[in-house]
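In: fold the following and give me the result.
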Amino acid sequence: VRYTRFLRPVRGALSEAPAEVRALSVIPPSGCLERFADFTLGDRLPLGLLLDQFSIFLTVEHGEFFALDTITAMKQRAALFEDIPLSTSDKLWFCTAPIDVMDPIVSRAATLYAAKFADTSGGIGCGFDDRILRTPQSVRDTDDLASVILALGVYYWLSGRFPDRFIEHRYVVELREDAKRVLQDST
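Out: Presented below is the predicted three-dimensional model:
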């Protein structure tokens, strides 16, 4: 549990049987959305609007493979990248990254990664260093460290998709593990 204030509700939720799942929201594979964009207005539509249009036509048949996510969550992530000049395909990849749009540290890091991805052709660093490994002195410091760990998770995810651009993969793995230990030791 990331924030201690959520511990009681999580315990309560886990003490009951889970609700029956009747329907799942899905995210289409990038190639499917790109083909749809080719038949509509392509890169001229904001990704959020393209997702709205796509969800109207979306049908899931037995045997198709879709990653579980919600169109709403993708639209929230798409809003982060609206002003960044990325292709529809690249925006879609960034929108499928594990970005918590409600967390300002994670959102800022993801936006920075996308902007650097659009502006440069070279390697992109994670933006964090060993200074994050200081022992938290307050609840806010603890929450901030948890957010940095999530931001490093976004970088890690992007380094798996774009390894030639997000070049600090090994460093991020080590830094993230060290940060998790600091966080665990402080709580």
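In: for the protein, name the helix or strand with the lowest mean pLDDT.
Out: The least trusted helix or strand in the chain, going by mean pLDDT, DSSP states H and E, turns out to be strand 67-68, with a mean of 44.
In: for the helix or strand just after that one, what is the average pLDDT?
Out: Later in the chain than strand 67-68, the nearest helix or strand by DSSP states H and E is helix 71-80. Rounded to a whole number, the mean pLDDT of helix 71-80 is 84.
In: renumber starting at 599 from here on
Out: Okay, using 599 as the starting number, the last item reads as helix 669-678.
In: what's helix 669-678 packed up against?
Out: Helices and strands touching helix 669-678, as assessed by 3 or more C-beta pairs under 8 Å, 6 or more residues apart in numbering; DSSP states H and E, comprise helix 645-655, helix 686-693, helix 702-717. C-beta: built from backbone N, CA, C; applies to glycine.
In: that helix vs helix 702-717, what angle?
Out: Put simply, helix 669-678 runs at 60 degrees to helix 702-717, going by axes from the mean of the first three to the mean of the last three C-alpha atoms, to 10 degrees.
In: can you check which helix is longest in this protein?
Out: Using DSSP state H, we find that the single longest helix of the chain is helix 737-759.
In: in it, what's buried?
Out: Judged by neighbour count (16 or more other C-beta atoms under 10 Å), helix 737-759 contains these buried residues: 740-757.
In: so where's this structure uncertain?
Out: Under the criterion pLDDT under 70, the flagged ranges of the chain are 599-604, 616-631, 633-643, 650-668.
In: output stretch 708-718 as PDB - backbone C-alpha positions only.
Out: The C-alpha trace of stretch 708-718 is given here as PDB (Å, rounded to 0.1, in the frame of the first residue of the first chain):
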ATOM      1  CA  ALA A 708       6.400  11.500 -17.700                       C
ATOM      2  CA  THR A 709       5.800  14.800 -19.400                       C
ATOM      3  CA  LEU A 710       9.500  15.600 -19.300                       C
ATOM      4  CA  TYR A 711      10.300  12.200 -20.700                       C
ATOM      5  CA  ALA A 712       7.900  12.700 -23.600                       C
ATOM      6  CA  ALA A 713       9.200  16.300 -24.300                       C
ATOM      7  CA  LYS A 714      12.800  15.000 -24.400                       C
ATOM      8  CA  PHE A 715      11.700  12.100 -26.600                       C
ATOM      9  CA  ALA A 716      10.100  14.600 -29.100                       C
ATOM     10  CA  ASP A 717      12.900  17.200 -29.000                       C
ATOM     11  CA  THR A 718      16.000  15.000 -29.200                       C
END
